[in-house]
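> what's the 3D shape of this:
(one chain, ligands or ions: 3)
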Amino acid sequence: MVKPKVAIFDLTDCEGCEVEIVNSRFIDRILESFEFVHFRLGQKTNKWENFDVAFIEGSVITSHEVDLVKKIRENSKLVVALGSCACFGGIAALNNFTDVNEGKRYVYGKEGEKIEVIEVKPLGDIIKVDVMIRGCPIVRDDFDRVVSDLLAGKVPKEHTRPVCMDCKSKGNPCLMLKGTPCAGPVTYGGCGAPCPSSSMPCDGCRGPLEVPEMSAELELLKKMASPDDIVRLFRKYTSAAPAFKSAGGGK
Ligand code: SF4
Ligand code: SF4
Ligand code: SF4
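Ligands and ions are numbered 1, 2, ... in the order given. Below you'll find the model as predicted:
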């Protein structure tokens with residue numbers, strides 16, 4: 001049987017999502033079922049071919065990375081955005097709201113001014129993305145579900161439940177009732193709500209629901225948080241997602 005050709009590329013990121021792939025419960029089956037043509041983190045020899053599926057992890061922050069993702073798209077039947085860096089710009093998208101040049105000088109001195117950094121956008125704003133696997137990092141179950149669908153010849157579909165549903169199914173008391181701001185009602189679930197289950201608010205790492213009820217969420221948040229705190233709540237992992245970018249009046 002001809003194995004589907006798979007590539008995993010990483011851009012500007014921490015590679016935590018790729019580590020979750022290696023931790024997959026089905027890693028043996030995955031290694032048997034696919035031919036990994038390009039996987040820089042996982043193997044020594046990599047090559048460019050036409051890929052059946054290309055996973056792209058990381059944020060696009062240079063014009064070189066823009067060219068790279070366009071080349072990947074041209075060579076791939078299916079492109080999967082892997083993790084919140086790829087899906088929504090990730091932590092690197094915070095660059096969009098700061099003086100990046102000051103940061104570059106602080107870290108690298110005067111030489112830093114030569115380092116190119118462009119506006120950080122979701123991968124889907126640059127190339128067509130077929131499937132998103134959200135989270136910082138991704139949840140292994142999501143990856144396994146996507147891989148199972150791919151092996152069955154199906155294009156994976158996303159579910160649409162908010163983090164609150166995961167949270168309630170765990171029997172957690174709601175943090176918002178005690179005055180703690182939480183992004184769970186407007187954030188895409190499926191993570192199992194590990195943050196509110198540890199008494200920490202959800203800060204939206206899986207990005208907004210397709211139709212997030214932002215106005216209702218913001219009305220609630222205004223009762224317990226300052227405008228700056230509301231902006232900060234939505235500006236951690238997914239600030240290039242349109243619904244979270246402007247939440248709380250942020251520009
Ligand atoms: S989404 Fe998070 S875990 Fe994944 S590569 Fe980006 S920063 Fe790392
Ligand atoms: S704690 Fe957060 S995620 Fe849990 S039910 Fe309340 S708002 Fe939703
Ligand atoms: S609860 Fe929120 S911040 Fe925590 S993993 Fe889930 S989506 Fe991410």
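> what's the distance between Y108 and M224?
For Y108, the distance to M224 (CB to CB, to the nearest Å) stands at 40 Å. Where C-beta positions appear, they are placed from N, C-alpha and C, glycine not excepted.
> who has more neighbours, those two?
Of the pair Y108 and M224, M224 is the one with more neighbours under other CB atoms under 10 Å, namely 15 against 12.
> That one against M176, yeah?
Yes: contact criterion CB atoms under 8 Å: M224 and M176 qualify, at 7.3 Å.
> How about N46: what's its closest non-neighbour residue?
H38 (4.4 Å; CB to CB, 6 or more residues apart in numbering).
> Make sure the one you found is indeed in a helix.
No: with DSSP: H, G, I helix; E, B strand; the rest coil as the criterion, H38 is strand rather than part of a helix.
> That one - how many residues pack around it?
H38: 21 surrounding residues under other CB under 10 Å.
> next one: the one 10 residues further on
The burial metric for W48, expressed as a neighbour count using other CB under 10 Å, is 11.
> would you say it is within a helix?
No: counting by three-state DSSP, one finds W48 to be coil, located in no helix.
> so who does the residue nearest to the spatial centre of the chain touch?
Taking CA atoms, centre = their mean, the centroid of the chain lies closest to S84, which sits 1.1 Å from it. By CB atoms under 8 Å, 6 or more residues apart in numbering, the residues touching S84 are G90, R134, G135, C136, C205, R206, G207, Y237, T238.
> and it, which of the three is it?
Put simply, S84 is helix when judged by three-state DSSP.
> State the pLDDT value of it.
pLDDT for S84: 97.
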